[in-house]
Every structure is written in C-alpha cells, then in structure tokens.
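Enquirer: Coordinates for the following, if possible.
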Amino acid sequence: MNISSLNKVVASIEGWMATYFHPPFDGSGGIGGPIATYWASSPYMVGPYVMNSYGLIRGLCARAQDDNAGEARKRAEQLALYYLRSQDPTSGFVVCCWGEDPFAGNGLVQQASVVAALWDLHRTWPNREVARAAEKCWQSCLTNPSMRADWTTHNMALRACEALILGIQARRDRKPSPQEKVILQRVGRQVAKAQWGETSPMAGAIPQSLSDDDLIMPYQGKCLYPLLALAKFLQNPIYLDMARRLAEFIGQNMRIAGEDGPLLCGKYRGEGEGLNKARRLYRFRRVLPFLEPKLRRRRQGKIARWSLNPWPQWLARGLDTARGFYHLGQALEEPRYVSLALAMVQKALQFQTPLGGLRNTLGFFGEDPESIGGLVWQDAVAVPRWNSYAVQFLHELAAGTPVLEPIRPPQDLKDVVALANNKRLVENVDELCLVDGQGKVSWRIHKGYRWGRPFRPIFQWNEGASFAGRRC
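Expert: Numbers count the residues shown, from 1 in each chain. Sure, this is the predicted structure:
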C-alpha cells in the first residue's frame, strides 16, 4: 500500500468531514451529520455528535513527529475545543453524548471516548485545561447512575479502560492508583470470564454484554485494541492471548462474509429450546443480584446452535476492527494480521464517495441488497462517526510522512446514488437529501445546521437500526 497516496486519502476524508462543521466552521463548533445510533431520526437531528470528532483528534495526535505537525496540533486543538465548550462544568458530561437515543441519557463509550481523545491530546501536546476537562469527564463515567449498567457491556467497559490507561500515561508518575488498578483488573476479569472457550463453536468470541449473548461483529472488533492496551499496560500476557483468540474468530468470519474481499459481516445470534424462557428468568438478577452468575450460566447453557446473518457488511466502520488487527499483528509479530488490516483498508476505500467520505454498509437491514433491488440510503450514506474511526487509523498508517491539510471537495461536486425502490441519495458540499421515485425530496440535511427537514411525521417512519430489538 502506497503511504503517500494514503496520506491524500485521509486528507480527502477530513475535507469531506469539514463540510459538516458547525459554526464557526473551524471544527470548534463540532461536526454534525447523520447520527448512526438513531437512524430513524438522523435526518432530523443532525447536531454536532461528540463521536464525530473523536477519531480525528486521536489520529492527528499520531502525527506529532511528522513534518507540518504544527498543522496537526492546530486542527486537533480546534476540534477538542468543542468538547471543552460543551462540557457541563458541574457534572463533567459533554452534551450530544447519548448512547442510543438523543437526549435520553449518556453512553459510557461516548463519554469514555471523549476522555480518551482529551488525554491523548494532553499527552501529546500538554494543556492544563484539556487535562481538567478529561478528569471531570472521567469522574462522570465512574459515578453517574445512567452509565452504571454500561460497564457490563464489554466493548464499552474496554473502551473506558483504554481511556483510563491514556489518562495514567499522561501523568508524570505514569503509575495507576489502587482504585485505577482495581478498575482495570475488574474489567479484565469480567471480559476474560465472558470470552467463549476453545470447546465452544464460537471460540474466542466475546458476548455483547453480561445480559446479551449476541455476537455483533463490529463490537467484537472494537474489543481488539483495548485488550492489547490492557496487555501492554498491566504486562499481563493473558489479555494478549485473549486478543489473539478474538482476532482468529473475527478473521474466520470475515472469510464467510464474502469472497471478493475482507469485509466485516453482521451478527451471530444464539438459538435453542428454552432459551427465551432462560432470558426472561435472567431479569430476576435485578431483584436478586447474587443470582446473576447462575442465571447467566443457565441462559448460556440453553444455546444449542448459532445462526449467522452475514448482512450488513461494514465498510467505514470496519476500519476500527482493521486498526485492532494491525496493532495486534505488530505486537505479536504476526504479518497475516497486518496484511488482513491493510486488505480491509483497500476494500473499504473502494467505497469512497466522490466527496471523500466512506460509505456505511452493504445490506443494512440484514438482507442481500440484490434481493431488494439495491442499496438503501443507510447503506450509501457516509456517516461522520464511522469515518472518524477510519481517519484515526489512516493517520496512524500515514505517520512518518508530511501532514497534509484537509482536501475539501469542489463546490460543484455532486454524489448521486441510485437506491432500491427507485430512490436516490444526493450529496454535495452544502446538503444531503433523499429523493423518492416521483422526484420528491423525502428529507434534506442542510450541512452546518443542527436540524434537518424530514418532510413527514417522524413517528410514521420505519427506518430503525440495523440490529433492531433489545433483550433484558
């Protein structure tokens, strides 16, 4: 892979993301766009979501030793200024940081990602105000009741551990306090106990959470890098072996996903007689918490088989997993993981839009796009959040070359995608809109504004998440 051309690719993605900047349009007002955790309303609520800036900040920090690093620092600090401006000074929360639905609570992975980005920035280019904001935000992750349950979701807890490690490394002493060490070890044990053993057909996989055994592949990949960070920081090879076994599981299932290139596939779901009843019984853990381990083992014991839905296949979002493969391959001196990561990058770049963003998925609603006559708009749209993850990894790959300024798309450039049901997705530097078969606009996002225009009552929409439904 040509690193020089890769540098231009990441500059073009950053340039496209800049079209979603909010006032004052320099990054300090945040980055808007479709919100991937709330699809049905994402064309309506398009405010500056915190995850859209996360990967850009961390990716630019990886360029600190490169030529033109001053430009990288300026951009990273401008983007971080949005976090500082939008942080509640009392609670430490950063607004637009919900987990699932806008204005309905805060998500641990979102708040922890803000912490990680701020500590990475402070560690690279020290700034007291950035450090104070990171510390306040971290305390909210530990103490806020709305995020307490999120610590049982393994990828969220591991991202929080990664943020904690970055915070410790940013201090002068670089040693964890007893409380910090307890947090890291507790999460490590929790995930180690949850990981399926060698005798399971899902060997190496990590269930979504203590209350949900589903294996959602992007969240599997999300665990790779934090496990590696735990292994390095705690100097414990157990976590490195866990990451290796998880990587083997993901890699095998990527081959299932398609023969034309390595794409991250959809989801495994457990099935079996009596499983639904066991899931309902598991709810008693809320009344009798001491029964939780027993009820969980009973539920897992009812899984007789696993069904795989290979759709959707993830494009931009898959590069977060590719990043885990790449760094794990370097740590293990295992070239096949590095090669797989780079192959994932090459495949995802085949789906770069004319404006620069990477498209979202193939088969968003869990079925082959050819069976419904093509992609849906959720497939074709480039989502700032997942592109932010891609920018982080691409910057890390491009480290060692001069930092380029973002390459903004020309004003007259337009991306038009033909979709299923004779619809079209149209994007230019100023707006993104969906046009129906009669040529009428179903919704329009005016970039740089906090609200889109849905053109019909939101409660009549049926355009929910790709993984609909919750259990327990």
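Enquirer: Just the residues contacting the lengthiest helix in the chain, thanks.
Expert: When the chain is parsed with DSSP state H, its longest helix is helix 237-257. For helix 237-257, contacts defined as C-beta atoms under 8 Å, 6 or more residues apart in numbering pick out 188, 191-192, 195, 202-206, 217, 220-221, 223-224, 227-228, 230-231, 262-266, 308, 310, 313, 321, 324-325, 328, 331-332, 337, 340. Every C-beta, even on glycine, is put in place using the N, C-alpha and C of the backbone.
Enquirer: Give me the distance from that helix to the chain's centre.
Expert: Relative to its chain's centre, helix 237-257 lies at 18 Å (C-alpha atoms, centre = their mean, to the nearest Å).
Enquirer: and if you look at stretch 260-270?
Expert: Relative to its chain's centre, stretch 260-270 lies at 16 Å (C-alpha atoms, centre = their mean).
Enquirer: Quick check: buried residues in that stretch?
Expert: 262-270 (16 or more other C-beta atoms under 10 Å).
Enquirer: before we move on, what about stretch 307-321?
Expert: For stretch 307-321, the neighbour count (16+ other C-beta under 10 Å) marks 310-321 as buried.
Enquirer: Now do the buried residues in the longest helix of the chain.
Expert: So, applying 16+ other C-beta under 10 Å, buried residues of helix 237-257: 239-247, 249-251, 253-254, 257.
Enquirer: And stretch 87-94, by the same measure?
Expert: Residues of stretch 87-94 classed as buried: 87, 92-94 (neighbour count, 16+ other C-beta under 10 Å).
Enquirer: got it, and stretch 168-181?
Expert: For stretch 168-181, burial by neighbour count (16+ other C-beta under 10 Å) applies to 168, 170, 176, 180.
Enquirer: out of these, who's nearest residue 386?
Expert: Using C-beta to C-beta, the shortest approach to residue 386 within those belongs to residue 170, at 26.6 Å.
Enquirer: And the residue lying closest to the closest one once chain neighbours are set aside, how close does it get to residue 64?
Expert: Closest residue to residue 170 apart from its sequence neighbours, by C-beta to C-beta, 6 or more residues apart in numbering: residue 123 at 3.9 Å. Computed as C-beta to C-beta, to the nearest Å, the residue 123 to residue 64 distance reads 10 Å.
Enquirer: So between those two, which is more surrounded?
Expert: residue 123 (19 against 16; other C-beta atoms under 10 Å).
Enquirer: Please name the nearest non-neighbouring residue to residue 50.
Expert: Counting by C-beta to C-beta, 6+ apart, residue 50 lies nearest to residue 97, which is 4.8 Å off, once chain neighbours are set aside.
Enquirer: these two touch, right, the one you found and residue 108?
Expert: No - between residue 97 and residue 108 there is no contact under C-beta atoms under 8 Å: 10.0 Å.
Enquirer: So between those two, which is more surrounded?
Expert: Ranked by neighbour count (other C-beta under 10 Å), residue 97 and residue 108 place residue 108 first, with 26 against 23.
Enquirer: Please tell me how far that one sits from residue 136.
Expert: Going from residue 108 to residue 136 by C-beta to C-beta gives 15 Å.
Enquirer: cool, and residue 308?
Expert: With C-beta to C-beta as the criterion, residue 308 and residue 136 are 42 Å apart.
Enquirer: In three-state terms, label residue 34 for me.
Expert: Using DSSP: H, G, I helix; E, B strand; the rest coil, the structure places residue 34 in coil.
Enquirer: Can you give me the pLDDT of it?
Expert: We have a pLDDT of 89 for residue 34.
Enquirer: and it, what does it touch?
Expert: 42-43, 46, 381, 383-384, 432, 445.
Enquirer: 10 Å instead?
Expert: Listed by C-beta atoms under 10 Å, 6 or more residues apart in numbering, the contact set of residue 34 reads 20, 41-46, 49, 360, 377-378, 381-385, 432, 445, 452.
Enquirer: Looking at these, which are in helices?
Expert: The helices, defined by DSSP H, take in 377-378, 384-385 from the contacts of residue 34.
Enquirer: Can I take it that residue 340 is in a helix?
Expert: Yes - judged by three-state DSSP, residue 340 forms part of a helix.
Enquirer: Please name the residues that touch it.
Expert: Residues counted as contacts of residue 340 (C-beta under 10 Å, 6+ apart) are 247, 250-251, 254-255, 262, 321-322, 325-326, 329, 334.
Enquirer: For residue 350, state which of the residues you listed is nearest.
Expert: Nearest to residue 350 among those is residue 262, at 11.7 Å by C-beta to C-beta.
Enquirer: Relative to residue 393, how far out is the closest one?
Expert: Here residue 262 is placed at a distance of 15 Å from residue 393 (C-beta to C-beta).
Enquirer: for residue 3, same thing?
Expert: For residue 3, the distance to residue 393 - C-beta to C-beta - is 13 Å.
Enquirer: Neighbour count for the two, which is higher?
Expert: A side-by-side neighbour count of residue 3 and residue 393, using other C-beta under 10 Å, places residue 393 first with 26 against 11.
Enquirer: What sits closest to that one if chain neighbours are left out?
Expert: Excluding the flanking residues, the one nearest residue 393 by C-beta to C-beta, 6+ apart is residue 323, at 4.0 Å.
Enquirer: and if you look at residue 278?
Expert: residue 299 (4.1 Å).
Enquirer: Report pLDDT for that neighbour.
Expert: Each residue has a pLDDT score; the one for residue 299 is 96.
Enquirer: And the next helix or strand past the helix or strand hosting the residue nearest to residue 170?
Expert: Assigned by DSSP states H and E, residue 123 belongs to helix 108-124. As assigned by DSSP H and E, the chain's next helix or strand after helix 108-124 is helix 128-143.
Enquirer: residues of that following helix that come out buried?
Expert: Using 16+ other C-beta under 10 Å as the test for burial, helix 128-143 gives 130-134, 136-138, 140-141.
Enquirer: average pLDDT for the helix holding residue 123?
Expert: Across helix 108-124, pLDDT averages out at 96.
Enquirer: what stretches of the chain score poorly on pLDDT?
Expert: Residues of the chain meeting the criterion pLDDT under 70: 1, 38, 40-41, 98-106, 257-259, 453-472.
Enquirer: Residue 326 reaches residue 392, doesn't it?
Expert: No - with contacts counted by C-beta atoms under 10 Å, residue 326 stays clear of residue 392, the gap being 11.5 Å.
Enquirer: Please enumerate the shared neighbours of the two.
Expert: Common contacts of residue 326 and residue 392 (C-beta under 10 Å, 6+ apart): residue 319.
Enquirer: returning to what we had before: neighbouring strands for the very next helix or strand once past the longest helix of the chain, and are they parallel or not?
Expert: Downstream of helix 237-257, the first helix or strand assigned by DSSP H and E is strand 267-271. Next to strand 267-271 in the sheet, as set by DSSP bridges, lie strand 215-216 (antiparallel), strand 305-309 (antiparallel).
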